[in-house]
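# the amino acid sequence is not available; the structure is as follows:
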């Protein structure tokens, strides 16, 4: 079994920094987690918030905390540090090899989309962001880990793409893109969803945009080589 993760992101138009942050961290008992946060607002202040959130979450996961406890602890931390005045979305997607499950938690207005052998499920129940309400709990899901799974999530810059130009994102198009591709295509899927959102915004994104895709596929190498490829424009 091999885990593929694809990430594609872009700043809000005319902003020097992206207010979204993503972190990938290994799980101490085996597996990997993708952490996605969208800080309130845009630009540098939003980046500071989202970076604080994903870095805290990554540290807690590395310490062995379970994902539900991580989400609660990060909320409490943000609430105290920002005095309950700044919010952030938080989505955790984990392939947990210790329990042989896929675990994901949501505190976001954007869905997690899961493709499995029986079709596509969309997890989009309403839930509050972290950092503002004193009492908060994430929406948690745990599903048996299977080869062929694809998990996709994104920030609200994707979901709201085109609205300021009188256009509407066709969610069925995103589902079709996921349905027509394989776990090995995680990077292609992430880049294709971002490209679609950019097109709706006439390539002047109205908000920060980030897409995270995790695919569970057969192992391509008997040597268990871990690889990571990053492209970071400056």
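Yes, it's here. The shown structure was predicted, so the numbers you read here are calculated from the model rather than taken from an experiment.
# surely residue 46 forms part of a helix?
Yes - membership of residue 46 in a helix is supported by DSSP: H, G, I helix; E, B strand; the rest coil.
# contacts only, for it.
Counting by Cβ atoms under 8 Å, 6 or more residues apart in numbering, residue 46 touches 17, 19, 20, 38, 39, 40, 208. In this view, the C-beta of every residue, glycine as well, is placed from N, C-alpha and C.
# for burial, what's the neighbour tally of the third one?
To tie it back to what came earlier, the one meant is residue 20. Other residues within reach of residue 20, judged by other Cβ atoms under 10 Å, total 31.
# so what's it up against?
Residues in contact with residue 20 (Cβ under 8 Å, 6+ apart) are 9, 36, 37, 38, 39, 46, 50, 155, 157, 208, 209, 210.
# and stretch 93-111, how far apart are its ends?
End-to-end span of stretch 93-111 (Cα to Cα, to the nearest Å): 12 Å.
# in it, what's buried?
The neighbour-count check on stretch 93-111 (16 or more other Cβ atoms under 10 Å) flags 93-96, 101-111 as buried.
# for stretch 177-185, same thing?
Under the neighbour-count criterion of 16+ other Cβ under 10 Å, stretch 177-185 has 177, 178, 181, 183, 185 buried.
# the second one and residue 192 touch, don't they?
No - between residue 178 and residue 192 there is no contact under Cβ atoms under 8 Å: 9.6 Å.
# in this structure residue 215 contacts residue 152, no?
No - between residue 215 and residue 152 there is no contact under Cβ under 8 Å: 9.4 Å.
# quick one, phi/psi of residue 164?
With angles defined as degrees, to the nearest 10, residue 164 sits at phi -70, psi -10.
# now for it, how many residues are close by?
By other Cβ under 10 Å, 13 other residues sit near residue 164.
# over to residue 152?
With other Cβ under 10 Å as criterion, residue 152 counts 26.
# now residue 216
When neighbours are defined as other Cβ under 10 Å, residue 216 has 20 of them.
# which residues in this structure form helices?
Ranges of helices in the chain, per DSSP state H, are 43-62, 67-81, 156-159, 171-179, 186-200.
# tell me which of those helices sits nearest to residue 139.
Checking the helices of the chain against residue 139 by Cβ to Cβ gives helix 67-81 as the closest, at 9.3 Å.
# buried ones in the closest one, by neighbour count?
The neighbour-count check on helix 67-81 (16+ other Cβ under 10 Å) flags 67, 68, 70, 71, 72, 74, 75, 77, 78, 79 as buried.
# isn't the third one up against residue 54?
If I follow you right, that is residue 70. No - applying Cβ under 8 Å as the test, residue 70 and residue 54 come out as separate, 10.8 Å apart.
# any shared contact partners between those two?
Counting by Cβ under 8 Å, 6+ apart, residue 70 and residue 54 have no shared contacts at all.
# tell me which stretches of this structure form strands.
For the chain, applying DSSP state E gives strands covering 2-10, 20-26, 31-39, 88-96, 101-107, 112-116, 119-123, 139-144, 150-154, 209-217.
# can you tell me how far residue 151 is from residue 94?
Counting by Cβ to Cβ, to the nearest Å, the gap from residue 151 to residue 94 is 10 Å.
# hey, what's in contact with both of those two?
By Cβ under 8 Å, 6+ apart, the residues touching both residue 151 and residue 94 are 102, 104.
# where does the protein have low pLDDT?
Applying pLDDT under 70 to the chain flags the ranges 220-223.
# how close does the residue nearest the centre of the chain get to residue 204?
The chain has residue 36 as the residue nearest its centroid, 4.0 Å off, counting by Cα atoms, centre = their mean. Look at residue 36 and residue 204: by Cβ to Cβ, they are 23 Å apart.
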